[in-house]
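In: need a structure here:
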Amino acid sequence: MKLSLLHGLAMLGALAPVLSAEEPAGLAGQSESAAIDPAAEIARYGSDDWKLVWSDEFDREGLPDPQKWGYKKGLVRNKEKQFYTEARAENARVADGQLLITALREPWEGAQYTSASLTTQNQFTFTYGKIEIRAKVPPGRGVWPALWTLGANKPQVRWPGCGEIDLMEFVGFRPDKFFFNVHTRAFNHNKKNQKGTGVSSPDAWKDFHLFGLLWNRERLVWFMDGKPVFAFANDGGDVDHWPFDQPQFLIMNLAIGGSWGGIGGIDDSIFPATMKVDYVRIWSGK
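Out: Numbering: from 1, shown residues only. The predicted model follows:
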């Protein structure tokens with residue numbers, strides 16, 4: 001079911017403060033949230049002063065729209081155990097108004113699992129604005145679904161110089177929590193000083209959740225189900241601190257195992273495991 005753009009805002013009632021940051025399990029480092037006014041951010045998030053510039057409502061059956069999505073293929077990152085396939089319906093397809101990214105336990109080109117990593121790289125990038133993705137993560141020890149962005153200049157400056165915004169991460173061995181992180185050259189998990197938070201959500205995998213982001217020159221503000229949960233401010237430093245004045249592209253993937261997702265091992269009884277995405281919407285300021 002497609003929800004309104006103000007999903008969750010009408011039900012907030014009393015405004016809760018931005019949640020205090022926690023160290024993401026399996027990622028050493030200090031995490032801290034920039035001070036923001038929750039009421040002001042909720043008003044900005046729900047404002048009509050946004051112009052929709054890109055979206056996918058997943059209203060076509062079959063493979064994801066090739067005009068909008070490409071694929072990262074292979075055994076590509078973070079010591080993950082899956083082989084990411086390209087344009088293979090068993091791993092990524094649209095059905096009944098939802099994108100289904102499915103991980104399977106099967107031998108494939110030297111790996112024991114397959115999955116998909118969809119990206120808008122070379123097809124759509126954006127700088128500043130508002131993002132919303134409504135998604136449902138799969139349960140199970142070993143899954144590591146993520147919604148995130150990388151700087152389009154990654155081929156030139158590499159990671160983490162390009163900047164990474166983790167709109168949402170979930171690891172199956174922590175089924176009660178969602179994680180929100182940011183990585184730059186100055187702040188990243190290799191230095192054990194990345195910035196981020198974990199937000200408690202009992203049985204996080206049972207329901208769809210709405211993940212949002214506001215991005216401007218001053219700060220990034222993460223939202224979950226209409227509430228602000230974390231913020232990262234532009235501290236006025238150089239591009240190593242704040243690389244987020246350049247275009248970013250979107251990635252949605254379901255990893256298996258890896259340097260974080262595999263900390264608790266992999267439960268082979270959980271497959272097939274599927275992340276469902278109801279819609280993706282990106283706005284610019286009017």
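In: for K51, what are its contacts?
Out: Residues in contact with K51, defined by CB atoms under 8 Å, 6 or more residues apart in numbering, are 283-286. Placement of C-beta: from N, CA and C, glycine included.
In: and if you look at G261?
Out: With CB under 8 Å, 6+ apart as the criterion, the residues that contact G261 are 78, 80, 142-144, 171-173, 255.
In: now render these as a markdown table, adding neighbour count and pLDDT.
Out: Conversion of the contacts of G261 to a markdown table gives the following (neighbours: other CB atoms under 10 Å; pLDDT from 0 to 100):
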| residue | neighbour count | pLDDT |
| --- | --- | --- |
| N78 | 14 | 92 |
| E80 | 24 | 96 |
| G142 | 26 | 98 |
| V143 | 29 | 98 |
| W144 | 27 | 98 |
| V171 | 28 | 97 |
| G172 | 26 | 97 |
| F173 | 19 | 97 |
| A255 | 28 | 98 |
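In: now these as TSV including secondary structure?
Out: As requested, the contacts of G261 are exported to TSV (DSSP: H, G, I helix; E, B strand; the rest coil):
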residue	secondary structure
N78	coil
E80	strand
G142	coil
V143	strand
W144	strand
V171	coil
G172	coil
F173	coil
A255	strand
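In: for these, which one is nearest H241?
Out: N78 (23.7 Å; CB to CB).
In: on that earlier part again, and the least confident of the contacts of K51?
Out: The pLDDT minimum for these sits at K286, where the score is 70.
In: that one and L52: what is the separation?
Out: Computed with CB to CB, to the nearest Å, the distance linking K286 and L52 is 10 Å.
In: repeat for K130
Out: 9 Å.
In: Q112 too?
Out: From Q112 over to L52 the distance is 41 Å, taken as CB to CB.
In: who has more neighbours out of those two?
Out: A side-by-side neighbour count of Q112 and L52, using other CB atoms under 10 Å, places Q112 first with 16 against 12.
In: go ahead and confirm A87 touches Y71.
Out: Yes: contact between A87 and Y71 holds when scored by CB atoms under 8 Å: they sit 6.5 Å apart.
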